[in-house]
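> Turn this into a structure:
(3 chains)
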Amino acid sequence: MKNGLLLLVLVAMSACSSMGVEPWERDILAKDEMQLTTDAAEAATDDHIYFSKEASSGGRAFGGGGCGCN
Amino acid sequence: MAVTKDKSISAALATASCALLGTGVTTAVDAQEVPKWDFNTSLLYYGEDESRVQDLSLRAIVRRLFVDDRSLTVSLTVDSLTGATPSGAIRQDVPQTFTRPSGNAAYVVPAGVLPLDDTFLDTRVALTGNWQQPIGETSQVNFGFSASNEYDYFHLGLNGRFSKDFNQRNTTLSAGISIAQDEFDPEGGAPIPFTSMLDIGDTSNRPQSQRDKDVLDVILGVTQVVSRKLVLQANYSYASESGYLNNPYKVLSIVDGTTGDTIQRVAPGPLSGPSHEFVFEGRPDDRAKHSLYTQAKYYMDGKVLDASYRYMTDDWDIDSHTLDVRYRWPLSDDKYLEPHLRWYSQSEANFYRLSLVDGAPLPAFASSDYRLGKFDAITAGLKFGWKNRNDNDMSLRIEWYQQMGSIPAGQLIGKQSLRDNYPDLNALIVQFSYRFSK
Amino acid sequence: MARFQAMGSPCELLTEAPSEVDARALATLAADEVWRIEDKFSRYLEGNVVNHINAANGATVRVDQETAQLLDFANVLFSLSDGLFDITSGVLRRVWTFDGSDRVPGVAAIKDLLPLIGWGRASWQAPELTLLPGMEIDLGGIGKEYTVDRAIALLREAGPTPCLVNLGGDLAVTGPPRRSRSWTIGIEALEAGQAEAMLRLRQGALATSGDARRYVEKDGRRYSHVLNPKTGWPVADAPASVTVAADTCTQAGMLSTLAMLKGASAEAFLDEQSEQHWCRRSF
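Residues are numbered from 1 along each chain as shown, chains lettered A, B, ... in the order given. Below you'll find the model as predicted:
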């Protein structure tokens, strides 16, 4: 599991040199809908719902926790 | 006369400036005042079928933008929860009586019906704050707190995150840490694990004391811009929970090892509480979770595909897979549809038990909480987003959430296999969001 | 990003150049132009054209084409403003020092200077300028904005890299940035560190006139640093600052300056112009 992660990070890092865009090619990436979290309220809502209904939480960011959730 | 003259000044200046600068063509100015305040509000209805949990939730996220990309974000959420939740006991062919968590009253569950505890009623208020600011040209820090309060639960957390851009901002590495201390003050006291549900008024196994839980979260992330249209993210996160991890309101049925029926309770005098043998659950007092989250956003000619996958594993032997796909499909410049599909699957905790056998040695830990069982869940939804006349974003989403559980092989005893021990959970999620800026 | 000091203000160049080498080349290009104009037109430097004119003592000075264009422009502004915008009013600085103190000059001292002020008293027949003995010109009121526009023109010629040139708050862009949809600019409020307003600029320029820190105060009256060349006294009821957005920095700067000179009717004047503006009065 840990090795897998390390490998993934290394792959991402080593691929950096050839990946990516020039600063002036960010027109699409700058769009609202291309942000990793498009709707903060919706994301927080989902994190909280699934935190209270399932055994897993987080991953995307810190979140969802802080409730007794019976 | 003077007025006409003043009006022409702008035009005369433009001509004179052109002469001065020697440029025939000038590009027209395009300046827009940026709103300093950003409000993101939403109203959520979450409702489970068969009168289980209903939640009406109001959320407001307010962001104040300062110069140099610094910002303060504060969010306030108020949840109003009502309804019933499974008590952990199994169905019987006869009516069952339970003592309420308060210890002051009892309730009866008819024969053949899944025991739900209907005292569940709560208001939850949660507040978070976050300060974000760049450090130099390629780094950014975040500091935040979170606090929430319910009648039996109080949470306080602090978090911080640092991120740094590399490779012309195509790669961002981030590291964050969050610590939280939660206080559980269960209604009627926190029962001692594996002791029986007692008669009304008998709180001898439920010492009135507040229980703490500490949570440490660490998150490491990489965001990589792959091309003009593709961005990827990968996060590894580790969470360690320690302290009181039990659910003080959940019980397990003590059953006959042959028939699978719950043992009838016998008391020296008249019964004033539970009709059958139920014991309170007990979980380990620590838990370590590892998860790997990956997300891809891909732009396809105006449409955006957002796909994420999360793998989680913990030392309670729960493994889970979550696949989430959203597809944003613009209908016009200011309207879009976004279908959403989410698939989730988890294995059961190693101490998940549907019931406990009478007379058999007690396990170290046991819980029949459906959230620790083996189940798959599907969410299917559709969001419609539009801009109103003032160019503010509105959206409405409707989603269905369904959990389909199964009892691990070997846990069903006798007549238990004839009953639905893990009924599906069906929930409707309706959320209306409104975003505006000032 | 490159930073340097010129014309008594911090200067900034923001670029989205593909490499550091390119960024440096663009920064050098812009800085060289800024310094060239500063050297040529600063009234504090010996031996430049402004110095020649101011030291001519009544003699006719023949100027080069760039200076002539600036004087033509000043001439237009003088008539557009009914004489309120006057490049010969700089001599008033001999008696007025706006340093937050209570030093208000005497009526006589101001009166003594008035004969030396007035573009109308100068004879300008491009390329020849004749001032009365003792008169001086100061192109500082046009210089910064002109420099920003010149630098932007050079950067545009150099290539398509998006750039922003900022000379102490007077700024212009070559075009929209590519990293985000627009350049975000804070208009400083009167209290330090707080942004009064934030702007997204994709095209064009911004200029601000007025400086809340430059004033004199005596007997409960605050005098702004905007002087009326006809009276030698500060313009009454001038706004604390005026920011204007326009196609070029020169246009924006001149509009904001003219608005300041209009005093109490600054807002009315700006409202009649088609450009976006932000006017602040509270001290």
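> how about the residues of the stretch 1-150 of chain B that lie near chain A?
B:40-42, B:44, B:46, B:57, B:59, B:61, B:75, B:77, B:85, B:117, B:120, B:122, B:124, B:126, B:146-148, B:150 (Cβ under 8 Å from any Cβ of the partner chain). No exception for glycine: its C-beta is placed from N, CA and C like everyone else's.
> Just the ones of those residues in helices?
Applying DSSP state H to the residues of the stretch 1-150 of chain B next to chain A, no entry is found in helices.
> Out of those residues, which sit inside strands?
B:40-42, B:44, B:46, B:57, B:59, B:61, B:75, B:77, B:85, B:117, B:122, B:124, B:126, B:146-148, B:150 (DSSP state E).
> what helix or strand is the residue lying closest to residue B:429 once chain neighbours are set aside on?
In space, and not counting its chain neighbours, residue B:429 is closest to residue B:399: 4.2 Å by Cβ to Cβ, 6 or more residues apart in numbering or on different chains. Per DSSP states H and E, residue B:399 falls inside strand B:393-406.
> how about residue B:15, secondary structure?
With DSSP: H, G, I helix; E, B strand; the rest coil as the basis, residue B:15 sits in helix.
> Give me the neighbour count for it.
11 (other Cβ atoms under 10 Å in any protein chain shown).
> Would you mind listing the residues in contact with the residue nearest to residue B:429?
Residues in contact with residue B:399 (Cβ atoms under 8 Å, 6 or more residues apart in numbering or on different chains) are B:340, B:379, B:380, B:381, B:382, B:428, B:429, B:430.
> And for residue B:155?
A:65, A:66, A:67, B:126, B:146, B:147, B:148, B:149, B:180, B:181, B:182, B:183.
> Just the buried subset of those residues, please.
Among the contacts of residue B:155, those classed as buried by 16 or more other Cβ atoms under 10 Å in any protein chain shown are A:65, A:66, A:67, B:126, B:146, B:147, B:148, B:149, B:180, B:182, B:183.
> JSON lines for the residues you listed, including pLDDT and distance to residue B:348?
Formatted as JSON lines, these follow (pLDDT from 0 to 100; distance: Cβ to Cβ, whole Å):
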{"residue": "A:65", "pLDDT": "66", "distance to residue B:348": "21"}
{"residue": "A:66", "pLDDT": "71", "distance to residue B:348": "25"}
{"residue": "A:67", "pLDDT": "76", "distance to residue B:348": "22"}
{"residue": "B:126", "pLDDT": "95", "distance to residue B:348": "29"}
{"residue": "B:146", "pLDDT": "95", "distance to residue B:348": "30"}
{"residue": "B:147", "pLDDT": "95", "distance to residue B:348": "32"}
{"residue": "B:148", "pLDDT": "94", "distance to residue B:348": "28"}
{"residue": "B:149", "pLDDT": "93", "distance to residue B:348": "32"}
{"residue": "B:180", "pLDDT": "95", "distance to residue B:348": "26"}
{"residue": "B:182", "pLDDT": "95", "distance to residue B:348": "24"}
{"residue": "B:183", "pLDDT": "94", "distance to residue B:348": "28"}
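> Pull out the buried residues from stretch B:429-438.
In stretch B:429-438, counting by 16+ other Cβ under 10 Å, buried: B:429, B:431, B:433, B:434, B:435, B:436, B:437.
> Which residues does the first one form beta bridges with?
Looking back up the chat, that one is residue B:429. residue B:46, residue B:399 (DSSP bridges).
> What strand or helix carries the closest residue to residue C:52 other than its chain neighbours?
The spatially closest residue to residue C:52, leaving aside those adjacent along the chain, is residue C:61, at 5.6 Å (Cβ to Cβ, 6+ apart). Assigning secondary structure by DSSP H and E places residue C:61 in strand C:60-62.
> Residues contacting that strand from elsewhere in the structure, which ones?
With Cβ under 8 Å, 6+ apart as the criterion, strand C:60-62 contacts C:49, C:52, C:53, C:123, C:127, C:128, C:129, C:130.
> ok, of these, which one's closest to chain A?
residue C:49 (39.1 Å; Cβ to the nearest Cβ).
> doesn't residue C:41 make contact with that closest one?
Yes - with contact defined as Cβ atoms under 8 Å, residue C:49 counts as touching residue C:41 (6.9 Å).
> Have a look at the two and say which one is more surrounded.
Comparing residue C:49 with residue C:41 by other Cβ under 10 Å, the one with more neighbours is residue C:41, at 24 against 18.
> What is the neighbour count of the residue nearest to that one when sequence neighbours are not counted?
Leaving aside its sequence neighbours, residue C:41 sits nearest to residue C:139 (Cβ to Cβ, 6+ apart; 4.8 Å). By the measure other Cβ under 10 Å, the count of residues near residue C:139 is 23.
> residue in chain A nearest to chain B?
residue A:20 (2.9 Å).
> Look up the closest residue to that residue, ignoring the ones flanking it.
Counting by Cβ to Cβ, 6+ apart, the residue nearest residue A:20 is residue B:170, at 2.9 Å.
> And that neighbour, how far from residue A:40?
Between residue B:170 and residue A:40 the distance is 24 Å, computed by Cβ to Cβ, to the nearest Å.
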